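**Student:** model this:
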Amino acid sequence: MINNYIKIAWRNLWKSKGYSAINITGLSIGMTAVLIIGIWVKNQLQFDNFYSNKENLYKVWNKYEDEGKVSLIDVTSGRAAPALLEDYPEVERAARIFFSTNKLLSFEGKKIKSRGNEVDPSFVQLFDFKLQRGNSQLALAETKNIILTESLAKSIFGDIDPLDKTIVLDNKEPYKVSAIMQDLPSNTSFDFTYLIPLADASKYSPNWNTITFSTYVQLKAGTDIDVFNKKLVNMIAKRSNNELKGSLFFYPVSKMHLYSKFEQGIPVGGKIDQVRLVAGIGLLILLIGCINFINLSTARSQKRAKEVAVRKIVGAQRSSLIGQFLTESMLLAIISGICAIALTILTLPIFNKILDKPLAFLYSDTTVWFSLVCFILLTGLLAGLYPAFVLSAFKPIKSLKIFGRAKKFSLNFREILVVFQFGIAIILIIATIVVRKQIECAGQRDVGYNTSQLIEVGMEGDIGKNYEAIKAELINNGIATAVTRIGTSITGGSGSSWGGFSWAGATPEQAKKMGFDLGRVENDFVKTLGLKLIAGRDIDYTKFAADSAAVLLNEAAIKEMKLENPIGSYLKWGDRTYTIVGIIKDYIIGSPYSPVKPMFIYANKTALFNLVIRTNPAAPLHDQLNRIEQILKKFNPAYPFEYQFVDQKFAGKFKDQQQTAQLAFIFSGLAIFISCLGLFGLASYIAELKTKEIGIRKVLGASVSGITAMLSKDFIKLVIISILIASPIAWWTMNKWLQDFSYRIEIQWWFFALAGISALLVAFFTVSTQAVRAANSNPVKTLRDE
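**Tutor:** Residues are numbered from 1 along each chain as shown. Predicted structure coming up:
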């Protein structure tokens, strides 16, 4: 019986090659979208969720409450980890990790720059990344030990055994290779190729109000996290003798990636919303492909009705007919599934480039193949179930009669499905427009400084001690118009500090809750960046010796502090007193979608890690870069010349939204394409049914345009209904998405008009190609049997 089902199913598919091709194409594209999205969703759900002790692993956050408002930040003071181990027996382990830095690693003349972190020795046990060589307990026990990832070790040592070999960091400090770690997986939040012990945390975080570390803890099994978090209330206040407000707050590492959005200290979503949205879009695209099969199957019911009638007359049961039709849909799904697997393998590298992730199709994973088989069969069942029950329900007497077309004023099920198809496509088109306009809007926002002609170079090797000579040569030779040094990248800031500030007129409560984004700078900072001075002057301790204790504030800081005449005023931070010498216009260092925070930019000659050069626009940039390289090689020969354009780094802040825009564009295109495939099939079938009617109309004088309009109007009506239904849904969805951005666009009416007109034009072109073809047919041929 099964063999018979398969033979008949194959013959029917082969007999209707055009319709089969439309169904296979639609289902293949839909299944490909689901497979690719499924691979990405699996990667996201396993993000930081693979550690052996994940149930007890937490990240430490700073928590501030003020006038009923709760704020959280996921970096802490360097003092938090030792205090937690000392005060709370529930804390089994704690580890701090400092911001990633690039260092030069040297071994026997071979030099490689790579990114790594300073961490507490317990970090290795806390996260149990797999060590290929070495002991996790001892790997960072010595202050001059270093752990390398497998790929970095291969790059430096080649085939030589790296264990116990000595490498030199930044041409100064020798480190012994104590362990080799497997390369980090793509679904971890960490990004390093080597680890070294954290020697002196106080260098980066001297007090409780300087927050520069990511801190992680492992609690003892069975600890109730809700009860424990209550113990941490006002911990910072207690440790700082009530000089600072604030608490610590533990949040599971396994939830950090997907559930990192908080409102009033309560997690309300995050990346998981994007995961659910993308997964839902993938399923909707598959559903659109299934709708094509359902529509074309039920539309062609008149041709299959007589077949059903004859089968029933000779004794066929309804169950056997259902089995036959389901076999056809299953066969179609299997063919589509094979095509989808091939398309997934071919297109996955494209999506990897868009998502910037090394996603892979796991051929050796039996679970993947089992899931694929179930997915293909489920798709066949979903697509074929409704047509199977509809076609098998035909009555033999009625099925052998000539079908007529009744007048109707409501939509039938097939038309509802077409409306649904185009509704999804229109929503995706509107989403694409909104996302792109939001990116454009943020991109046009005033950054606050001139990002062009500005490059950053790491303060490596001998650049620091030769800085003044380098600066002089760059300016005197006309290569640069200004040069300065700063603590970290212009686009990233250098940590934050909350509380511990005081100034004339500030209340104790105001001083406690005041927080700043910090910036360490030296001479010519304002000039080099091209910042706008609202009042006062730039920091310049060459001319003004007292500027070693000078500070610049931005507009947001002045507004928050309520200072009326700030220039020359004193601002105390901890036990140091600074003089306000300048007020600068707000400039963006964080998200371009968020408001600018108060900034405290202070003079500092030691902890400056970035050289900033504003190149001379009078000469070609390529020539200027070559000349900069020559000068840096002269004063810092051991290091390769590596630089970053500030404008390109700032553009990187739009990466997530650009990915969303690209995916929305691709998915909306697929949805429109699959919907039009179904529309094309329906239009061609309707034209086939009305062949004789069209012939009669032509004989009676009907024009090609008139016949085209007659065949197209019903389909255009369905698209218009789709636009009317989809527009409010799209507005609600995208308006909710925009609420995540403080700096956002207003949704305009023309977004919907553009999406609707685009859908109408595509639908009209799709239908009219078949309508014109039918209208141009020779009536002599179509009516010769009459």
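**Student:** least trustworthy helix or strand in the chain by mean pLDDT?
**Tutor:** Ranked by mean pLDDT, DSSP states H and E, the helix or strand of the chain with the weakest confidence is helix 396-399, at a mean of 55.
**Student:** Can you identify the element that follows that helix toward the C-terminus?
**Tutor:** For helix 396-399, the succeeding helix or strand toward the C-terminus, using DSSP states H and E, is helix 413-443.
**Student:** now for that next one, which elements pack on it?
**Tutor:** helix 271-299, helix 655-689, helix 704-738, helix 749-775 (3 or more C-beta pairs under 8 Å, 6 or more residues apart in numbering; DSSP states H and E). To be clear about C-beta, it is placed using only N, CA and C from the backbone, and glycine gets the same treatment.
**Student:** Tell me which of the ones you listed lies nearest to Thr149.
**Tutor:** helix 655-689 (23.8 Å; C-beta to C-beta).
**Student:** residues in contact with the nearest residue to Gly487 once chain neighbours are set aside?
**Tutor:** Closest residue to Gly487 apart from its sequence neighbours, by C-beta to C-beta, 6 or more residues apart in numbering: Arg520 at 3.2 Å. Contacts for Arg520 (C-beta atoms under 8 Å, 6 or more residues apart in numbering) come out as Ile486, Gly487, Thr488, Ser494, Ile601, Tyr602, Asn604, Ala607, Leu608.
**Student:** Surely the fifth one and Val521 touch.
**Tutor:** Same thing as Ile601. Yes: contact criterion C-beta atoms under 8 Å: Ile601 and Val521 qualify, at 5.6 Å.
**Student:** what residues do these two have in common as contacts?
**Tutor:** Ile539, Leu552.
**Student:** What's the local residue count around the residue lying closest to Ile439 once chain neighbours are set aside?
**Tutor:** Closest residue to Ile439 in three dimensions, ignoring its sequence neighbours and counting by C-beta to C-beta, 6+ apart: Gln657, at 5.0 Å. Using other C-beta atoms under 10 Å, Gln657 has 18 neighbouring residues.
**Student:** okay but Gln657 is in contact with Cys441, surely?
**Tutor:** No: in this structure, Gln657 is not within contact of Cys441 by C-beta under 8 Å, at 10.5 Å.
**Student:** count of neighbours near the nearest residue to Phe752 once chain neighbours are set aside?
**Tutor:** Spatial nearest neighbour of Phe752, excluding adjacent residues (C-beta to C-beta, 6+ apart): Ser727 at 4.7 Å. As a burial measure, Ser727 scores 20 neighbours (other C-beta under 10 Å).
**Student:** re earlier: find me the pLDDT at the residue nearest to Ile439, would you?
**Tutor:** For Gln657, the model assigns a pLDDT of 77.
**Student:** which residue is nearest the middle of the protein?
**Tutor:** The centre of the chain sits closest to Asp656, judged by C-alpha atoms, centre = their mean, with a distance of 3.9 Å.
**Student:** distance of that one from Leu258?
**Tutor:** According to C-beta to C-beta, to the nearest Å, Asp656 and Leu258 sit 14 Å apart.
**Student:** Put together TSV for the helices and strands packed on helix 413-443, with distance to Gly582 on each row.
**Tutor:** As requested, those are exported to TSV (distance: least, C-beta to C-beta, whole Å):
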stretch	distance to Gly582
helix 271-299	39
helix 655-689	33
helix 704-738	36
helix 749-775	43
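**Student:** What are the buried residues along stretch 440-459?
**Tutor:** Buried positions in stretch 440-459, judged by neighbour count with 16 or more other C-beta atoms under 10 Å: 441-442, 447-449, 451, 453-459.
**Student:** quick one: which of these is nearest Gln770?
**Tutor:** Nearest to Gln770 among these, with distances taken as C-beta to C-beta, is Cys441, at 41.3 Å.
**Student:** Quick check: that closest one touching Phe741?
**Tutor:** No: in this structure Cys441 lies outside contact range of Phe741 using C-beta under 8 Å: 9.3 Å.
**Student:** Next, show the common contact partners of the two.
**Tutor:** Common neighbours of Cys441 and Phe741 (C-beta under 8 Å, 6+ apart) do not exist.
**Student:** returning to what we had before: return the subset of the contacts of Arg520 lying in helices.
**Tutor:** Within the contacts of Arg520, no residue falls in helices by DSSP state H.
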